[in-house]
Structures are given as C-alpha cells and as structure tokens.
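Colleague: pasting the sequence and the predicted model now:
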Amino acid sequence: MCSHQTSSFDTAASHVVAAHPEQGWSLLCDGAIVFDDTGELRPDGSAVGPVERLAMAA
C-alpha cells in the first residue's frame, strides 16, 4: 500500500495496482476499490455511491 489517504481528493492521486475491467472494478494503491460506475469502497469500510462521487467532483 502507498501513503495516500483515501478521500475524495487523494483517490484521484492514487494509481491502479490491479485492474479487472471484465468484472468492472480496480484496486488502487491506497486500498480503495473503484467501480466502473464510479462507486467506491474505501479501506475503512465506507462506501461512496456513483452519484455522490460525481457530485463531489463537480
């Protein structure tokens, strides 16, 4: 794992360490799992839904 802290800003700085496009998800270096629909599961167990993440980026 890298030193990134998972937040709406740091997730964008994290890089993919395992991609599974056939299943629709990728593992980031900070331990977060991001989905093709832009949803996210964070290492602390919290979840960010697709609509929430899009709204935070705007």
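Modeller: Everything's here; your move.

Colleague: so what's Leu41 bridging to?
Modeller: Following DSSP bridges, Leu41 is listed with bridge partners Ile33, Ala47.

Colleague: which residues sit in contact with it?
Modeller: Neighbour list for Leu41: 32-33, 47 [criterion: CB atoms under 8 Å, 6 or more residues apart in numbering]. Every C-beta, even on glycine, is put in place using the N, C-alpha and C of the backbone.

Colleague: just put those residues in CSV and tack on neighbour count and distance to Ser14.
Modeller: What follows is those, written out as CSV (neighbours: other CB atoms under 10 Å; distance: CB to CB, whole Å):
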residue, neighbour count, distance to Ser14
Ala32, 21, 7
Ile33, 16, 11
Ala47, 10, 17
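
Colleague: can you give me the helices in the chain?
Modeller: 10-13, 50-57 (DSSP state H).

Colleague: hey, least reliable of those by pLDDT?
Modeller: When those are compared by mean pLDDT, helix 50-57 comes last with a mean of 58.

Colleague: give me the neighbour count for Asp36.
Modeller: Applying other CB atoms under 10 Å, we find 12 residues neighbouring Asp36.

Colleague: quick check: it touching Trp25?
Modeller: Yes: in this structure, Asp36 is within contact of Trp25 by CB atoms under 8 Å, at 7.1 Å.

Colleague: residues near Phe35, how many?
Modeller: 16.

Colleague: ok, now which ones touch it?
Modeller: Phe35 neighbours (CB under 8 Å, 6+ apart): 24-25, 50.

Colleague: let me see the mean pLDDT of stretch 25-32.
Modeller: On average, stretch 25-32 scores 91.

Colleague: restrict that stretch to CA atoms and write it as CSV.
Modeller: This file holds the C-alpha atoms of stretch 25-32, laid out as CSV (Å, rounded to 0.1, in the frame of the first residue of the first chain):
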residue,chain,number,x,y,z
TRP,A,25,-13.6,-2.8,-10.7
SER,A,26,-10.0,-1.8,-9.9
LEU,A,27,-7.9,-1.9,-6.8
LEU,A,28,-6.0,1.4,-6.1
CYS,A,29,-2.6,1.6,-4.3
ASP,A,30,-4.3,3.1,-1.2
GLY,A,31,-6.5,0.0,-0.8
ALA,A,32,-9.7,1.6,-2.2
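
Colleague: all good on my end, thank you.
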